[in-house]
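**Q** Take a look and give me a structure for this.
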Amino acid sequence: MAQDKETCIIVGAGSGLSASLARLFSAENMSVVLAARDIQKLKGLREEINCDLVQCDVTNIDQVESLFAQTDQILGKPSVVVYNPSARIRGDITSLDPAKTKLALETTCYGAFLVAQQAAIRMTKIGRGSIFFTGASAGIKGFPNSSVFAMGKFGLRGLAQSLARELQQKIFTLHISLSMAAFPLSYDLILENKRFWIQMKLQRLTFISIAKIAAFGLGKLN
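**A** Residues are numbered from 1 along each chain as shown. The predicted structure follows:
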């Protein structure tokens, strides 16, 4: 049976960029699923836009698979997936806690792989899809006392670029986007098997303006 509406999963949902995206996609008549470790904080947003909430730890393979399986059952296969989680640990290399560093990398980068894998499995079957990763300037340039965050965001950027080149031959209409909530804002975008590199320099970015820029890749906004 065909889906009545397009479905979007936003992973790592909170009150900032992800909430703006959720409102935007809901306004475009899409079914929205918000996933987070703590879904209690999202109840107000659920009441506002009538979305579904799923508890999910992105570092847990079974929970990520369950997130997508639940979405398949309730709303159908997602055509849009947003990955927003990240973990930042500041400190010089001689004092960083290895265990906390491992967890941070799993949250920022490994979780993105798990989510992208489940998204790609479904999008290759329906022949279209959009995957968005929330990047950062740390994914372009490493800063002092921020090596852990840089490692995660560099890895995220590499994942996005690799998937864009890998999946464009398998998905007829594909968008892989790495958007950064800092300026300059830049992301890699694949649109109907044509590759574009967009660089924008903005003095100020609000969460909603970033959401609209991301939605440009979907062709949802005029």
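**Q** going forward, measure contacts between C-alpha atoms and count neighbours the same way
**A** OK.
**Q** Start from the N-terminal end of the protein and give the helices.
**A** Applying DSSP state H to the chain gives helices spanning 17-27, 43-49, 61-74, 98-105, 111-126, 147-167, 207-216.
**Q** Residue 58: how many residues sit nearby?
**A** Other residues within reach of residue 58, judged by other C-alpha atoms under 10 Å, total 28.
**Q** actually residue 18, sorry about that
**A** By other C-alpha under 10 Å, 23 other residues sit near residue 18.
**Q** and what of the one 3 residues further on?
**A** Around residue 21 there are 24 other residues, counting by other C-alpha under 10 Å.
**Q** Now do residue 105 against residue 51, distance only.
**A** Note on residue 105: its distance to residue 51, by C-alpha to C-alpha, to the nearest Å, is 29 Å.
**Q** who has more neighbours, the two?
**A** Ranked by neighbour count (other C-alpha under 10 Å), residue 105 and residue 51 place residue 105 first, with 24 against 18.
**Q** So for the protein, the centremost residue is which one?
**A** Centroid check for the chain by C-alpha atoms, centre = their mean gives residue 83 as the closest residue, at 2.0 Å.
**Q** Roughly how far does that one sit from residue 42?
**A** 16 Å.
**Q** Kindly report the same for residue 99.
**A** Separation of residue 99 from residue 42 (C-alpha to C-alpha) stands at 29 Å.
**Q** Equivalent analysis for residue 9, please.
**A** Distance from residue 9 to residue 42, counting by C-alpha to C-alpha: 14 Å.
**Q** Please identify which of these two sits among more neighbours.
**A** More neighbours surround residue 9 than the other of residue 9 and residue 42, with 28 against 20 (other C-alpha under 10 Å).
**Q** Mind listing the residues bridging to the more buried one?
**A** Assessed by DSSP bridges, residue 9 has beta-bridge partners residue 33, residue 81.
**Q** for it, what are its contacts?
**A** The contact partners of residue 9, taken as C-alpha atoms under 8 Å, 6 or more residues apart in numbering, are 32-35, 78, 80-82.
**Q** same thing but 6 Å
**A** Residues near residue 9 by C-alpha atoms under 6 Å, 6 or more residues apart in numbering: 32-33, 81.
**Q** who wins for most neighbours among these?
**A** Among these, residue 32 has the most neighbours (other C-alpha under 10 Å), with 28 neighbours.
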